[in-house]
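Trainee: no sequence on this one, just coordinates:
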């Protein structure tokens, strides 16, 4: 299975999905022109990965900002991850003064049946 590595741009996050390590990372800003188009390959990858996941899967989300359409895509991505197994954790990083990003992580945590760890950092 091919890993996904996408360089971030001012409008799209950097993405590193490494199957052999069970490591998924999305970092930066997510305000693409077409969120569905941007996130579709990530959804497809997760579907493939969930057929034979690693013993432990760690998802690191470190977004400084995302728009409404990205929010829906991220939720769909988390829903696809729910089927994997009990050995999955989502690390939700947010800047110390960013109440909105903390709240967004808490909202996802309330909806998704995967443990979330809220991790406060100084700056993204």
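Mentor: Looks like it came in fine. Every value quoted in this text rests on a predicted model; they were computed, and no experiment measured them.
Trainee: And the strand ranked longest in the chain, what does it pack against?
Mentor: When the chain is parsed with DSSP state E, its longest strand is strand 57-66. In terms of contacts (3 or more CB pairs under 8 Å, 6 or more residues apart in numbering; DSSP states H and E), strand 57-66 is packed against strand 23-30, helix 68-81, strand 88-95, helix 99-111. Where C-beta positions appear, they are placed from N, C-alpha and C, glycine not excepted.
Trainee: Would you mind getting the angle between it and strand 23-30?
Mentor: For strand 57-66 against strand 23-30, the angle by axes from the mean of the first three to the mean of the last three CA atoms, to 10 degrees is 0 degrees.
Trainee: where's the helix ranked longest in the chain relative to the chain centroid, distance-wise?
Mentor: Longest helix in the chain, counting residues (DSSP state H): helix 35-51. Centre-to-centre, helix 35-51 and its host chain are 11 Å apart (CA atoms, centre = their mean, to the nearest Å).
Trainee: what's the longest strand of the chain in contact with?
Mentor: Residues from elsewhere that reach strand 57-66, judged by CB atoms under 8 Å, 6 or more residues apart in numbering: 13, 22-31, 74, 81, 84-85, 87-93, 95, 98, 101, 104-105, 121, 124.
Trainee: so the longest helix of the chain versus strand 88-95, what angle?
Mentor: With the same axes, to 10 degrees defining the directions, helix 35-51 sits at 140 degrees from strand 88-95.
Trainee: if we can go back for a sec, rebuild the helices and strands packed on strand 57-66 as TSV, extending it with distance to residue 1.
Mentor: Formatted as TSV, these follow (distance: least, CB to CB, whole Å):
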stretch	distance to residue 1
strand 23-30	13
helix 68-81	15
strand 88-95	17
helix 99-111	26
